[in-house]
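> could you work out the structure for the sequence below:
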Amino acid sequence: MKNTLFKKIVAREEFERVSVPDDRLKGSKGFLGMYAGEHAAGTEFVIGPLFVAHGVSAGDLFVGLLIGNLLAVLSWGLITAPIAVKKRFTLYYQLERIAGKGVVNWYNLVNALMFCFLAGSMIAVSATAVGIPFNLEMPTLTDWMPRTSGWVITVLLMGAIITLVAIQGYSQVSKFANIMSPWMILIFAAAGIVGLAQLGVSSFDSLIATANEVIWTGVPMTGMSKFTIWHIIFFAWFCNMAMHIGMSDLTILRFAKSWKYGFLTFAGVYLGHFLAWLASGILYAVFLQANAASQEFAPGAIAYQTLGLAGAVCVVVAGWTTANPTIYRAGLALQGIFPKVPSWKITAIVGGITSLAACFPALVMRLLDFVALYGLLLMPMGAVIFADFYFSKKFGFQDEQALNSHANFSMPAFLSWILTLAFCLFLNFSYGVDIFFLGLPGWFVAVAIFVVLSRIQYPLKKQLIA
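A predicted model of the protein is given here:
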């Protein structure tokens, strides 16, 4: 009997090095569901509690999330989506046309590894729920290495299942998110309501008092730094920096019928990065009340304590819906290095690397720092794409430099990447600028470096009038 699933995987076409044809464009429903599923997801069960641990106040959190998430939606809608629907290339191929194969191979490697680690953290989040009925020993806030063989086995099994979905391509990833995201959003809403009831909230006045005195107290836990409203604004804006101003979502939005679909990310950030972060913070406050001396940090156990089986299942699915598109993106990044290897094989390899990385709890415990670093490393090349698209004609330099000059290496693109990261490192080490705040000045520096160097090395030749 022929393996129909395997045949579909081998035969899938993801248009890695050509524009997406019109007959393969997708309507708004697929993007709405995917973004809602991806951002109301496993990371939310980690980030919300970490805000509590970092001692952000209730007012700073609420206002900061409103502002930061709005800036993120505008970044997707006004910066990323217009380029995506105009070019309809993956990030990796578009960057190859600008920077050249020599630069992009290194970029793709860094990109793929970052995606693997992010997806790995989400597999680990799902594993904390899967392990509950087996009394699996959960990781703690200070763990870097796996504690038991049972943890490793659970993570590897979750990774294998998630990878199987990811290798079937964008359509299956989108379909899975569409099915799961409405239910997850309801669970997050229920988590907040049930958690508040368990904390004794019975009126608006008691809600305000509990929010300020029990949940988001403004006092960080031992060993944790203090977060202000600025931390919240910039984290909400730039936690997906690699996706919007870093241009990674060119790969996803190239399938959109309209650039306006970029604004559909509101479904993710306001249901996920707003509602879900608040709800998971409430869950953690409930968990801390019942387990005041516990160092355990397991999203599955935290959700299970308040919502029972539904909470545990939600953690599994939430981690899954984040890991799926992330593994898909990582596969496309490596596809740029190995274009002759079928996409499904590359994605399968990525899934294996991701599953191994997921065995290490440090990916979850240091998620805030990792997300900030990951976006910062990839951001300069997004600035290069932006500058190439909008400023090449205006400032008189050649667009898609590597393609049009038949070169494998663009020095302006390479130096924009390296010098921008050096600038950010200088700000961090010399002036103590927190990693959460480096992305904004870094992006402008990258654009400026690329424009100046491109104008010097690749000036447009003036056309003689006959």
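> going forward, measure contacts between C-alpha atoms and count neighbours the same way
Will do.
> just the helices from the stretch 51-200 of the chain, written as ranges.
For the stretch 51-200 of the chain, the helices defined by DSSP state H, counting those that start in this stretch occupy 58-75, 81-87, 91-99, 101-130, 149-166, 170-198.
> what of the stretch 251-400 of the chain?
Under DSSP H, counting those that start in this stretch, the stretch 251-400 of the chain gives helices at 266-269, 277-290, 299-307, 309-335, 343-357, 362-365, 367-391.
> ranking those helices by burial, who's on top?
Ranked by mean neighbour count, the helices of the stretch 251-400 of the chain are led by helix 309-335 with a mean of 27 (mean count of other CA atoms under 10 Å).
> helices and strands around it, which ones?
Packing contacts for helix 309-335, counted by 3 or more CA pairs under 8 Å, 6 or more residues apart in numbering; DSSP states H and E, involve helix 28-39, helix 101-130, helix 149-166, helix 170-198, helix 299-307, helix 343-357.
> for Ile456, which of those is the nearest?
Ile456 lies closest, by CA to CA, to one member of these: helix 101-130, at 19.0 Å.
> what pLDDT does Ala387 get?
pLDDT recorded at Ala387 is 96.
> list the contacts for the closest residue to it other than its chain neighbours?
Leaving aside its sequence neighbours, Ala387 sits nearest to Val447 (CA to CA, 6 or more residues apart in numbering; 5.8 Å). Listed by CA atoms under 8 Å, 6 or more residues apart in numbering, the contact partners of Val447 are Pro380, Ala383, Val384, Phe386, Ala387, Ser416.
> list the buried ones in the host helix or strand of Val447?
Counting by DSSP states H and E, the element that carries Val447 is helix 439-457. By neighbour count on 16 or more other CA atoms under 10 Å, the buried set for helix 439-457 is 439-440, 442-443, 445-451, 453-455.
> one step back: what's the closest of the helices of the stretch 251-400 of the chain to Ser203?
Comparing the helices of the stretch 251-400 of the chain under CA to CA, the one sitting nearest is helix 277-290, at 16.1 Å.
> what packs against the closest one?
Counting by 3+ CA pairs under 8 Å, 6+ apart, the packing neighbours recorded for helix 277-290 are helix 44-53, helix 170-198, helix 299-307.
> doesn't Asn240 make contact with Tyr374?
No - using CA atoms under 8 Å, Tyr374 is not in contact with Asn240, being 9.2 Å away.
> re earlier: for Leu421, which of the helices of the stretch 51-200 of the chain is the nearest?
Per CA to CA, nearest to Leu421 of the helices of the stretch 51-200 of the chain: helix 101-130, 13.0 Å.
> OK, contacts around Arg366?
By CA under 8 Å, 6+ apart, Arg366 has no neighbours at all.
> how close does it sit to Phe297?
Noted for Arg366: a distance of 11 Å to Phe297, by CA to CA, to the nearest Å.
> overlap in contacts of the two?
With CA under 8 Å, 6+ apart as the test, Arg366 and Phe297 reach no residue in common.
> looking at the helices and strands packed on helix 277-290, which is buried most?
Taking mean count of other CA under 10 Å, helix 44-53 is the most buried of those, at a mean of 25.
> coming back round to it: could I get the helices of the stretch 51-200 of the chain as JSON lines with distance to Gly308?
Output for the helices of the stretch 51-200 of the chain, formatted as JSON lines (distance: least, CA to CA, whole Å):
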{"stretch": "helix 58-75", "distance to Gly308": "26"}
{"stretch": "helix 81-87", "distance to Gly308": "40"}
{"stretch": "helix 91-99", "distance to Gly308": "41"}
{"stretch": "helix 101-130", "distance to Gly308": "11"}
{"stretch": "helix 149-166", "distance to Gly308": "20"}
{"stretch": "helix 170-198", "distance to Gly308": "10"}
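> closest one to Phe287 among these?
helix 170-198 (9.4 Å).
> starting at the chain centroid, how far to whatever helix or strand comes next after the closest one?
Next helix or strand after helix 170-198 toward the C-terminus (DSSP H and E): helix 204-210. From the chain centre to the centre of helix 204-210 is a distance of 33 Å (CA atoms, centre = their mean, to the nearest Å).
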